[in-house]
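Engineer: the sequence and its predicted three-dimensional model are supplied below.
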Amino acid sequence: MNQATELNATAQGFGASASQRLPIPDREAMSEAQRAAADSIINGPRKAIFGPFIPLLQTPALMERIGKTGEALRFEGKLTDNIRELAICVVARETGNQFEWQTHAPLAIKAGVPEQAIAALAAGRRPRGLAAEEACAADFVAELMLRHGVSDETYAEAVACFGQDGAVELTALAGYFVMVCWVMNVGRTPGPANAAAPGLHAFPG
């Protein structure tokens, strides 16, 4: 039985193997740098080592700096909760990451994103029934992930909705969550234990 099953968590990936490659080490087995980095996360707003910080603990200095970037984007940014959580959901769906999807899909709905939009995303479809600013953010992030940039029209719409600083923040937010999703995908870090949201399926086709 793998650790994901033991924790009643959704395994990461859609292949034959679902075992974690980089589980969290016992504290006694951590280096001094790993313990210091772990304590920094635990004593910050996150209060625990979970999700991307499990595999990132392999490189403590990187984990600390990535953690600070995430704090700035999630807790100090200008984007409203519904925009931020929807953008994270778009990234989680496109990268097939169970942890970020199961964590942020309920938060997006709680922040006011229509449940039908989240269900459409889960199915691999364009989200439906969004408010104008939500649709702008979802389209911006989806285009960014597909094209690694955005058209002049898409950029202008984002600036009209969120300002130039907001467009930069939205871009950085997407990039940050792509990075941590990739780290977890490589580490096969499972979704959160006892998650309320169902896990993702592989894209159809």
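Structural biologist: Good, I have the coordinates.
Engineer: buried sites along the lengthiest helix in the chain?
Structural biologist: Ranked by residue count and defined by DSSP state H, the top helix of the chain is helix 152-187. Applying a neighbour-count criterion of 16 or more other C-beta atoms under 10 Å, one finds 154-155, 157-158, 161-162, 166-167, 169-171, 173-174, 176-181, 183-185, 187 buried in helix 152-187. Using the backbone N, CA and C atoms, a C-beta is placed for each residue, glycine as well.
Engineer: swap in stretch 114-122?
Structural biologist: Pro114, Ala117, Ile118, Ala120, Leu121, Ala122.
Engineer: make JSON lines from those and add distance to Phe99 and secondary structure to it.
Structural biologist: Formatted as JSON lines, the buried residues of stretch 114-122 follow (distance: C-beta to C-beta, whole Å; DSSP: H, G, I helix; E, B strand; the rest coil):
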{"residue": "Pro114", "distance to Phe99": "23", "secondary structure": "coil"}
{"residue": "Ala117", "distance to Phe99": "20", "secondary structure": "helix"}
{"residue": "Ile118", "distance to Phe99": "16", "secondary structure": "helix"}
{"residue": "Ala120", "distance to Phe99": "21", "secondary structure": "helix"}
{"residue": "Leu121", "distance to Phe99": "16", "secondary structure": "helix"}
{"residue": "Ala122", "distance to Phe99": "15", "secondary structure": "helix"}
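Engineer: from those residues, pick the one nearest Leu200.
Structural biologist: Nearest to Leu200 out of these is Ala122 (C-beta to C-beta; 6.4 Å).
Engineer: number of residues surrounding Pro204?
Structural biologist: Using other C-beta atoms under 10 Å, Pro204 has 7 other residues around it.
Engineer: distance check, it against Phe14.
Structural biologist: 12 Å (C-beta to C-beta, to the nearest Å).
Engineer: residues contacting Glu153?
Structural biologist: Counting by C-beta atoms under 8 Å, 6 or more residues apart in numbering, Glu153 makes contact with nothing.
Engineer: state the distance from it to Cys136.
Structural biologist: 11 Å.
Engineer: swap in Glu169?
Structural biologist: 14 Å.
Engineer: any common contacting residues for the two?
Structural biologist: Phe162.
Engineer: on that earlier part again, and of the buried residues of stretch 114-122, the nearest to Val91?
Structural biologist: Nearest member of the buried residues of stretch 114-122 to Val91, counting by C-beta to C-beta, is Leu121, at 10.4 Å.
Engineer: didn't that closest one look like it was pressed against Val90?
Structural biologist: Yes - the criterion here is C-beta atoms under 8 Å, and Leu121 meets it with Val90 at 6.7 Å.
Engineer: which residues do those two both contact?
Structural biologist: With C-beta under 8 Å, 6+ apart as the test, Leu121 and Val90 both reach Pro127.
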